[in-house]
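**Q** kindly generate the corresponding structure for this input.
(2 chains)
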Amino acid sequence: MVDFQQILDPFLRTLKTGSGFWNPILWGIALILIFLVIYIIRGFGKREYKEGTEQTKPFLSGNPEGDKDKMHVKGSNVYWGFSETLKSIYKVFDKMHTGNVSDYVLWFLIIMGLFFIVLGVI
Amino acid sequence: MNQILDFLVLHSPALVVAIPLLGAFLTVLVSKIGNRVRNIFVIIISALTSIFALLLSYDVFTNGIRIYVFGGSYNPGETMIRILFEIDGINAFMLIIAAILPFVAIIYSWAFMNEQTGLDKYYTLILLITAGMLGMMMTGDMFNFFVFLEITSIASAALIAFWTNKGNAVAAGFKYIVISAIGALFVLLAIALLYGQYDALNMAILANNIQFGLLDKMALVLILAALAMKAGIVPMHMWLPDAYGRAPSSVTVVLIGTTLASLYGVFRVIFTIYGNHIMTSLRTIGEFILTPGLTIGILIIALAVLTIIVGVFMAIKQSDFKRMIAFAAVAEIGYIFLAIGAAFSTFYANPETGAATLTHSGEIALKGGIFHILNDALDVSLLFLVAGAIYFTAKTTSLNKLGGLARNMKYTSVFFLIGLLAVSGLPPMNGFASKLMIYQSTYQVNPILAIVAILCSILLLATFVKVLHSAFLGPKISNLENIKEVPRSMLIAMGIIACLIIFIGLFPNLVVETVVTPAANALKNASQYIAMITGGF
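**A** Sure, this is the predicted structure:
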């Protein structure tokens, strides 16, 4: 007789994470229950969506929709505000990343010097 | 049958290195028969290597530390002049990573590199890296470690520059070999310092004899700085985005393994060779009583936080997908070091035994850090394979030139989503479990560390949401309308890693109990590793 409980037990155990725990199986069950509740609530909604009408067209403040290629936000433009706000930090980071191998070696020597100082003191 | 299996397991440490090494040189000859035969041959060699590596890991996890002496036997306590491999929990853990990554990379290469020339050399070099990486992870001898480090470095540099028609790739290969050569020379100098003092190269014997004098400290600094650079710690990480970003994606996956092998070297040196002195000796400066462990722990934490912040901030501004993943990989290395630093700072000398002991939160941090090594290897590898798939079809990884890929590349998009969730540490993927352990344990050391770690994880999510939006979602870009899904071998390779990510994500406790805990125990209790050689056990 195969003891399924013994086989499954190691798979189902909860991970202790110090001051908490994590069990993906329990999390999955909770997620399914939440989706069920959402699905039930959705059932109370009105069916007003009509395909192929004005409802499905993008609304750009009354402006006509442009060419698909041009409307797509490119990678460089995503989070533009984030990069612009943190320009001063990026200036420092960009200055570090020169792409010059001599600078790479210089950083290595600086960190090695730091290690020497720290270990020399202790 | 059992006798044959026992024999193979007995000699598996030698076979794990010998098979890819022999295979590397035979690949050139087999290539003369035909490309298909060569590809099958390389897959078989890689599969055999992985099987033996996994068998060896299983044996170590089941029966404890393995010592394999080349060309003879060894009795504990006798003068050690032979080359030996010593494999404990942390070695066995690293072997699992080294078993997965090259195998997946080789399967992926079947279609990904199909149109390229010089593939006999390509596969030879991949197998050489595999042999070097596995050697680094198993050797019990410092000079051997240097030799294997050199093998991986030289083969890696050649593979980074494999696309010689691209200037950036050649430049990245050149930078890598300069950095690697300098790092390796400092490692060699450190080994010479240790050998000059103790007349030994064996790691366990060195650990047993080390006095932690000035020359020992100099050797420690040289090795730590060199291996931390190879592992990609900020600000010595700059070679990493160049190398990872310019190499073919299949090569990058193997490079991740070599980076983690260097990380293992850091662990072996600070925990095993110097561990006892670092963790238990005391030094008084004025009114302050410091342990080297606490000081090194704080230093590692500071560098780790810097690594996470720089990695994440640089990743989010990139417009090239591969370079973005490379910076994210830097940040992930930072998480591992953060956990290790947190663990280190909680070591204390047990008042009863005098032995170095970890607090409970330190133990969770150590386990979280080790667990994250595996998760990082899988998550970042999957993202690089996805980037390779995009390059294969769209001939670019620039996010400014991509869009709407999910409409034609459904499987690749799903794999990207899995990688995105995993690397950002979202449940139920594997990255969440290890990051949760890191957050909770570093919170005990200092809450600010946990806050920085969580915020940077959110930024990592934002980074890859940018890729999701600009490359996979949106309308079809006119010049990418006719692109197709990638060939089966590439999908299988991505599928293997995705399945592992989901499996570990769903059953994290199983992985922590079976492979992470023995690795953590091996690091925090080095006396067993030392005693197996010195005979005090």
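
**Q** so which helix or strand takes in whichever residue of the stretch 51-200 of chain B sits closest to chain A?
**A** Closest to chain A within the stretch 51-200 of chain B is B:K175: 4.6 Å, counting by Cβ to the nearest Cβ. Any C-beta I mention is one placed from the backbone N, CA and C, and that applies to glycine too. Using DSSP states H and E, B:K175 sits within helix B:167-198.

**Q** ditto for B:G297
**A** Assigned by DSSP H and E, B:G297 belongs to helix B:292-317.

**Q** now that helix: mean pLDDT?
**A** Summarised as a single mean, pLDDT over helix B:292-317 is 91.

**Q** that helix packs against which elements?
**A** helix A:80-85, helix A:87-96, helix A:101-121, helix B:275-280, helix B:321-345, helix B:447-467 (3 or more Cβ pairs under 8 Å, 6 or more residues apart in numbering or on different chains; DSSP states H and E).

**Q** out of those, which comes closest to B:V253?
**A** Closest to B:V253 of the helices and strands packed on helix B:292-317 is helix B:321-345 (Cβ to Cβ; 11.1 Å).

**Q** so which elements touch that closest one?
**A** Judged by 3+ Cβ pairs under 8 Å, 6+ apart, helix B:321-345 is in contact with helix B:239-246, helix B:249-267, helix B:292-317, helix B:360-394, helix B:430-445, helix B:447-467.

**Q** could you check how far that helix is from the centre of its chain?
**A** 11 Å (Cα atoms, centre = their mean, to the nearest Å).

**Q** number of nearby residues for the residue nearest to B:F392 when sequence neighbours are not counted?
**A** Leaving aside its sequence neighbours, B:F392 sits nearest to B:V486 (Cβ to Cβ, 6 or more residues apart in numbering or on different chains; 5.4 Å). By other Cβ atoms under 10 Å in any protein chain shown, the residues close to B:V486 number 25.

**Q** what about B:V486, is that helix, strand or coil?
**A** At B:V486 the chain is in coil, as set by DSSP: H, G, I helix; E, B strand; the rest coil.

**Q** ok, back up a step: my read: the residue of the stretch 51-200 of chain B closest to chain A touches A:T98, true?
**A** No: B:K175 lies out of contact with A:T98 (Cβ atoms under 8 Å); the separation is 11.3 Å.

**Q** these two: who's more crowded?
**A** For B:K175 versus A:T98, the count of surrounding residues by other Cβ under 10 Å is larger for B:K175: 23 against 12.

**Q** what's near enough to touch the more buried one?
**A** Under the criterion of Cβ atoms under 8 Å, 6 or more residues apart in numbering or on different chains, the neighbours of B:K175 are A:V101, A:Y104, B:W239, B:D242, B:A243.

**Q** now with 10 Å?
**A** Residues near B:K175 by Cβ atoms under 10 Å, 6 or more residues apart in numbering or on different chains: A:99-101, A:104-105, B:157, B:160-161, B:238-239, B:242-243, B:246.

**Q** what helix or strand is B:Y68 located in?
**A** Element membership for B:Y68 (DSSP H and E) is strand B:66-69.

**Q** identify the residues contacting that strand?
**A** Residues outside strand B:66-69 that contact it (Cβ under 10 Å, 6+ apart): B:9-16, B:56, B:59-60, B:73-76, B:80, B:82-88, B:91-92, B:138, B:140, B:204, B:529, B:532-533.

**Q** that strand: which residues count as buried?
**A** Using 16 or more other Cβ atoms under 10 Å in any protein chain shown as the test for burial, strand B:66-69 gives B:R66, B:I67, B:Y68, B:V69.

**Q** helices or strands up against the helix or strand following that strand?
**A** Note on strand B:66-69: by DSSP H and E, the next helix or strand toward the C-terminus is strand B:84-87. Packed against strand B:84-87 by the contact rule (3 or more Cβ pairs under 10 Å, 6 or more residues apart in numbering or on different chains; DSSP states H and E) you find helix B:12-30, helix B:35-63, strand B:66-69, helix B:89-112, helix B:119-138, helix B:203-209, helix B:527-534.

**Q** kindly tell me how buried the nearest residue to B:A450 once chain neighbours are set aside is, as a neighbour count.
**A** In this structure, B:A450 finds its nearest non-sequential neighbour in B:Y443, 3.9 Å apart by Cβ to Cβ, 6+ apart. B:Y443 has 20 neighbouring residues, counting by other Cβ under 10 Å.

**Q** B:Y443 contacts B:L338, correct?
**A** No: at 11.6 Å, B:Y443 does not count as touching B:L338 under the criterion of Cβ atoms under 10 Å.

**Q** which neighbours do these two share?
**A** Common neighbours of B:Y443 and B:L338, using Cβ under 10 Å, 6+ apart, are B:A365, B:L449, B:A450, B:A453.

**Q** of those residues, which is the most crowded?
**A** Among these, the one with the most neighbours (other Cβ under 10 Å) is B:A365, at 32 neighbours.

**Q** how far away is it from chain A?
**A** Counting by Cβ to the nearest Cβ, to the nearest Å, the gap from B:A365 to chain A is 8 Å.

**Q** contacting residues around that residue?
**A** Shown in contact with B:A365 (Cβ under 10 Å, 6+ apart): A:18, B:297, B:338-346, B:358-359, B:437-438, B:440-445, B:520.

**Q** quick one on the thing from earlier: who wins for proximity to B:S281 among the helices and strands packed on strand B:84-87?
**A** Minimum separation from B:S281 across the helices and strands packed on strand B:84-87 (Cβ to Cβ) falls at helix B:203-209, 14.3 Å.

**Q** what angle separates the helix or strand just after the closest one from helix B:239-246?
**A** Remark: after helix B:203-209, the chain's next helix or strand is helix B:214-231, criterion DSSP H and E. Inter-element angle recorded for helix B:214-231 and helix B:239-246: 30 degrees (by axes from the mean of the first three to the mean of the last three Cα atoms, to 10 degrees).

**Q** can you name the residue of chain A nearest to chain B?
**A** Shortest chain A-to-chain B distance, computed as Cβ to the nearest Cβ: residue-wise this is A:G75, at 2.5 Å.

**Q** which residue is nearest the centroid of chain A?
**A** For chain A, the residue nearest the mean C-alpha position is A:Y79 (13.6 Å; Cα atoms, centre = their mean).

**Q** verify the stated contact: that residue with B:V465.
**A** Yes: using Cβ under 10 Å, A:Y79 is in contact with B:V465, at 9.4 Å.

**Q** pLDDT weak spots in chain A?
**A** Filtered on pLDDT under 70, chain A yields the residue ranges A:1, A:121-122.

**Q** that should have said the stretch 301-450 of chain B, apologies.
**A** Scanning the stretch 301-450 of chain B for pLDDT under 70 picks out B:349-351, B:353-355.

**Q** how about it: which residue is closest to chain A?
**A** Distance from chain A to each residue of the stretch 301-450 of chain B (Cβ to the nearest Cβ) is smallest for B:L399, at 2.5 Å.

**Q** can you report how many residues lie near the residue nearest to that residue when sequence neighbours are not counted?
**A** Using Cβ to Cβ, 6+ apart and skipping the chain neighbours, the partner closest in space to B:L399 is A:G75 (2.5 Å). Using other Cβ under 10 Å, A:G75 is surrounded by 22 other residues.

**Q** which residues touch A:G75?
**A** Listed by Cβ under 10 Å, 6+ apart, the contact partners of A:G75 are B:318-321, B:324, B:398-403, B:466-467, B:469-471.

**Q** likewise B:A520?
**A** By Cβ under 10 Å, 6+ apart, the residues touching B:A520 are B:89-90, B:93, B:343, B:358, B:363-371, B:512.
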